[in-house]
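Student: For reference, the sequence and a predicted model appear below.
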Amino acid sequence: MIGPHPFQSVGEKYLRALREAADVEPLIVPGLVPAGEIDPWLDRVDGVFLTGSHSNLEPHHYGASKGDDDFLFDPLRDQLSLAVIRAALQRRLPLFAVCRGLQEVNVVCGGTLLQRVHEQPGHFDHREDLNQPLDQQYAPAHKVRLRPGSLLALAAAKEEVEVNSLHGQGIDRLGDGLQADAWAEDGLIEAFSLAHAGQYCVAVQWHPEWKVAENPFYLALFEQFGAACRQFAANRLANSSSP
Ligand SMILES: N[C@@H](CCC(=O)NCCCC(=O)O)C(=O)O
């Protein structure tokens, strides 16, 4: 809501990272597009990027009940994202998911979420301090261990990196066909990819779009996504011109 009017918006930092780091041109799909009408949009793109959001997935999407928290929900986002993810997986479209986006892909693949990670025994608080300036909120917050051989480990050129952390929810059960690629020190899965190698799909719980040009690891993640989109576009062209 901006004043009395509802708006649909996307954070500029995501658009900058896509244009300046991935070197792709973002197209913003309105949340009003019904799930059954996304095909014409997906026919025109070479990849899908899912942003973060302060809102949470409605728990019924993963068989859980709403707690008594005053969580912010966004059913339009839910219905659009979940439909786009299903179609992107079916089309083998490159898929890069950040924070809420990771949670959405996990749920589409049959996984579940912890609604309050900080209340789980053995987990620490992964939320940002909203009273701090943005540079502090998006500063490196904890280490993650990267799966050897993963695209993340390739991007980092090492097996442990520090990442920012701005989320109250997280992966409980990892979805079918997904492989964990990063773990926080408290064991929380912080990133995953598809277990099969036939499609670029990287989902991370942190925010690599933040000042992406100043962080070689974050930059490499967007460059990988941009390369995957261009490969998809080249394959599409080759298939369309082959007899
Ligand atoms: N609401 C979910 C996901 C958190 C998230 O995506 N935060 C993004 C903050 C704003 C932004 O940078 O886009 C959770 O709390 O786990």
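Tutor: On my side now, so go ahead. Residues are numbered from 1 along each chain as shown.

Student: what residues does this protein put near the ligand?
Tutor: 11, 51-56, 99-100, 166-169, 207 (C-beta under 6 Å from any ligand atom). No exception for glycine: its C-beta is placed from N, CA and C like everyone else's.

Student: out of the residues you listed, who's nearest Glu190?
Tutor: Comparing the residues of the chain next to the ligand against Glu190 with C-beta to C-beta places His167 closest, at 9.4 Å.

Student: Next, whichever residue of the chain sits closest to the ligand: secondary structure please.
Tutor: In the chain, no residue comes nearer to the ligand than Gly52, which is 2.6 Å away by C-beta to the nearest ligand atom. When classified by DSSP: H, G, I helix; E, B strand; the rest coil, Gly52 comes out as coil.

Student: related to what we said a few turns ago, just the ones of the residues of the chain next to the ligand in strands?
Tutor: Within the residues of the chain next to the ligand, no residue falls in strands by DSSP state E.

Student: Asn215 against Glu209, yeah?
Tutor: No: contact criterion C-beta atoms under 8 Å: Asn215 and Glu209 do not qualify, at 10.0 Å.

Student: So if I had to pick from the two, which one is more boxed in?
Tutor: Glu209 (26 against 19; other C-beta atoms under 10 Å).

Student: so what's that one up against?
Tutor: Neighbour list for Glu209: 11, 13-14, 16-17, 98, 218, 222 [criterion: C-beta atoms under 8 Å, 6 or more residues apart in numbering].

Student: Look at the nearest residue to Gln199 once chain neighbours are set aside and report its pLDDT.
Tutor: Spatial nearest neighbour of Gln199, chain neighbours left out: Arg92 (4.2 Å); criterion: C-beta to C-beta, 6 or more residues apart in numbering. With respect to pLDDT, Arg92 scores 97.

Student: who are the neighbours in contact with Arg92?
Tutor: 198-199, 232.

Student: got it, and Ala35?
Tutor: Per C-beta under 8 Å, 6+ apart, neighbours of Ala35: 79-80, 82-83.

Student: Which phi and psi values does it adopt?
Tutor: With angles defined as degrees, to the nearest 10, Ala35 sits at phi -50, psi -40.
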